[in-house]
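Engineer: Structure, please.
(chains A, B, C and D)
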There are 2 protein chains.
Amino acid sequence: MLLEAAADLFAERGIEASSIDAIAAAAGRTSGAVYDHFGGKEGLLYDLLQEWVDDVAAVVAVEMMEATTLEERMAALWRNVKQPPKGGGRWMALEHELWRYATRDDAARQHLARRYRVAWEGTDAAVAAGGDPGAARMAVGPAIVGLLFGLEMMRRVDPAAVTDDMAVAALMGVALAARHHDRAQP
Amino acid sequence: MLLEAAADLFAERGIEASSIDAIAAAAGRTSGAVYDHFGGKEGLLYDLLQEWVDDVAAVVAVEMMEATTLEERMAALWRNVKQPPKGGGRWMALEHELWRYATRDDAARQHLARRYRVAWEGTDAAVAAGGDPGAARMAVGPAIVGLLFGLEMMRRVDPAAVTDDMAVAALMGVALAARHHDRAQP
DNA sequence: GTCTATATCCAGATAGAC
DNA sequence: GTCTATCTGGATATAGAC
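Structural biologist: Numbering: from 1, shown residues only, chains lettered A, B, ... in the order given. Here you go, the predicted structure:
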């Protein structure tokens, strides 16, 4: 399938380094098929995106519901970033590709921004869950998501540097900072 | 100067999208000069790296010395990531390019790993400073550096989403998690 | 050291046959 | 829908003149 071949190649070699011919060949087609279906590389990228996001979000949402403590929720987040439910490791590499792409293409940037806003809100809900429902906490969604991203990056250059314990402790630190911040300014 | 032109173009367009011809032209030279001096694009990239790292590290080191509280140190870190001392914003974009590059080239990956280990140690020292010198804290260097990276990325897709207050609060949260962790297991 | 060719290759995209 | 040309542009890299 063209989309799967594209996901593999994008994650392995990078978006720019993956030619349409190579993608088509990996799927047993020729470039013409790609142009007919997606209009080009960019169209392929967006269609691919659409598929992934829903999958990952669904899995994370379920795990957030099942977890009972804040620590469990943070551990679940980290687990899903470290070992994504689908496509063993391709996700973050692709996400990274997308990110870099988006910083140079404004339409892609806004696309990404919209997507991340959803993630931030979901994360804030995960932090707030179990606490005082009426408390006005600091929104730390971007910090939690950013930390997840950053931890995964550090792990990629040196896997031993990021233990699960450290990752969860750091996530808890940020989550609790949101609550402490509440206490500080009543 | 060729190195400066390369830094600009790499950060603006990305490494792959920056042709040697374009780099040379931006510096008022032709491609031949690049090949004679650096052997190609990769050589240029590494030479460029060498220069940058020292500059940024030196500035951060000074600010770490001048700050007296943990919060000041964390705020200084964030400030330098948000607005690097040199080259207004090119640093992180370039760093990101490098990262992506390194995830596919093993020599580059180890180069990066060595460099980051230094950053992690420096960050741990910044967290430990002012506390009990003998206390065995959790090493959170990778988490702090990762968080800085992640915050900058979130800010890049949506600048309003990451306020300075939130960034510093999150950094403090991770830093304090290292200390709390100490208290938990004596 | 630096330039001006130039060789070689591969990219994205399209038109038209099947 | 998918393939097979094919056009056009731009990339790396080198050889040799200045």
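Engineer: For DNA strand C, tell me whether the helix or strand bottoming out on mean pLDDT in chain A is touching it.
Structural biologist: Ranked by mean pLDDT, DSSP states H and E, the helix or strand of chain A with the weakest confidence is helix A:90-102, at a mean of 75. No - Helix A:90-102 lies out of reach of DNA strand C by Cβ under 7 Å from any atom of the strand, never closer than 12.7 Å. Where C-beta positions appear, they are placed from N, C-alpha and C, glycine not excepted.
Engineer: helices and strands around that helix, which ones?
Structural biologist: Packed against helix A:90-102 by the contact rule (3 or more Cβ pairs under 8 Å, 6 or more residues apart in numbering or on different chains; DSSP states H and E) you find helix A:2-13, helix A:41-66, helix A:106-128, helix A:141-157, helix B:90-102, helix B:141-157.
Engineer: ok, 7 Å please
Structural biologist: Where contact means 3 or more Cβ pairs under 7 Å, 6 or more residues apart in numbering or on different chains; DSSP states H and E, helix A:90-102 is packed against helix A:2-13, helix A:41-66, helix A:106-128, helix B:90-102.
Engineer: Name the residues that touch it?
Structural biologist: Helix A:90-102 has contacts (Cβ atoms under 7 Å, 6 or more residues apart in numbering or on different chains) with A:7-8, A:10-11, A:14-15, A:49, A:52, A:56, A:81, A:84, A:108-109, A:112, A:152, B:14, B:96, B:100, B:103, B:153, B:157.
Engineer: And chain B, is the helix or strand A:Asp165 falls within touching that?
Structural biologist: Element membership of A:Asp165, judged by DSSP states H and E, is helix A:164-184. Yes - with Cβ under 7 Å from any Cβ of the partner chain as the measure, helix A:164-184 is seen reaching chain B through A:166, A:169-170, A:172-174, A:176-177, A:181.
Engineer: Can you tell me which of those residues is closest to A:Val118?
Structural biologist: A:Val174 (19.0 Å; Cβ to Cβ).
Engineer: Count the neighbours of the closest one for me.
Structural biologist: 26 (other Cβ atoms under 10 Å in any protein chain shown).
Engineer: now do A:Ala160
Structural biologist: Neighbour tally, A:Ala160, other Cβ under 10 Å: 8.
Engineer: From DNA strand D, how far out is it?
Structural biologist: With distances taken as Cβ to the nearest atom of the strand, to the nearest Å, A:Ala160 is found 33 Å from DNA strand D.
Engineer: so where's chain A uncertain?
Structural biologist: Flagging of chain A using pLDDT under 70 yields the residue ranges A:86-89, A:181-186.
Engineer: Kindly report the residues of it close to DNA strand D.
Structural biologist: Proximity of chain A to DNA strand D, by Cβ under 7 Å from any atom of the strand, involves residues A:24, A:28-33, A:36-37.
Engineer: Kindly check the end-to-end length of stretch A:134-142 for me.
Structural biologist: Across stretch A:134-142, the terminal residues are separated by 21 Å (Cα to Cα, to the nearest Å).
Engineer: List the residues that contact the closest residue to A:Ala177 other than its chain neighbours.
Structural biologist: In space, and not counting its chain neighbours, A:Ala177 is closest to B:Gly173: 3.1 Å by Cβ to Cβ, 6 or more residues apart in numbering or on different chains. By Cβ under 7 Å, 6+ apart, the residues touching B:Gly173 are A:173-174, A:176-177.
Engineer: Out of those residues, which two sit at the greatest distance?
Structural biologist: Checking the contacts of B:Gly173 with Cβ to Cβ, the most distant pair is A:Val174 and A:Leu176, at 7.4 Å.
Engineer: Assess the claim that A:Ala177 and B:Ala167 are in contact.
Structural biologist: No - A:Ala177 lies out of contact with B:Ala167 (Cβ atoms under 7 Å); the separation is 10.7 Å.
Engineer: sec struct for A:Pro133, please.
Structural biologist: Following DSSP: H, G, I helix; E, B strand; the rest coil, the label given to A:Pro133 is coil.
Engineer: burial count for it?
Structural biologist: Considering only other Cβ under 10 Å, A:Pro133 is surrounded by 7 other residues.
Engineer: Can you report phi and psi for it?
Structural biologist: The phi/psi pair for A:Pro133 (degrees, to the nearest 10) reads phi -60, psi -30.
Engineer: check contacts around it.
Structural biologist: Contacts of A:Pro133 (Cβ under 7 Å, 6+ apart): none.
Engineer: does A:His37 sit in a helix or strand, and which one?
Structural biologist: With DSSP H and E as the test, A:His37 turns up in helix A:31-38.
Engineer: number of nearby residues for the closest residue to A:Trp78 other than its chain neighbours?
Structural biologist: Nearest residue to A:Trp78, sequence neighbours excluded (Cβ to Cβ, 6+ apart): A:Ala167, at 4.7 Å. The number of residues packed near A:Ala167 is 27, by other Cβ under 10 Å.
Engineer: Over to A:Asp106?
Structural biologist: The tally of other residues near A:Asp106 (other Cβ under 10 Å) stands at 9.
Engineer: sec struct for A:Gly28, please.
Structural biologist: Quick answer, by three-state DSSP: A:Gly28 is coil.
Engineer: Can you give me every residue that contacts it?
Structural biologist: Counting by Cβ under 7 Å, 6+ apart, A:Gly28 touches no other residue.
Engineer: How about the closest residue to DNA strand D within chain A: what's its closest non-neighbour residue?
Structural biologist: Closest to DNA strand D within chain A is A:Gly32: 2.7 Å, counting by Cβ to the nearest atom of the strand. Nearest non-adjacent residue to A:Gly32, counting by Cβ to Cβ, 6+ apart: A:Ala24, 7.9 Å away.
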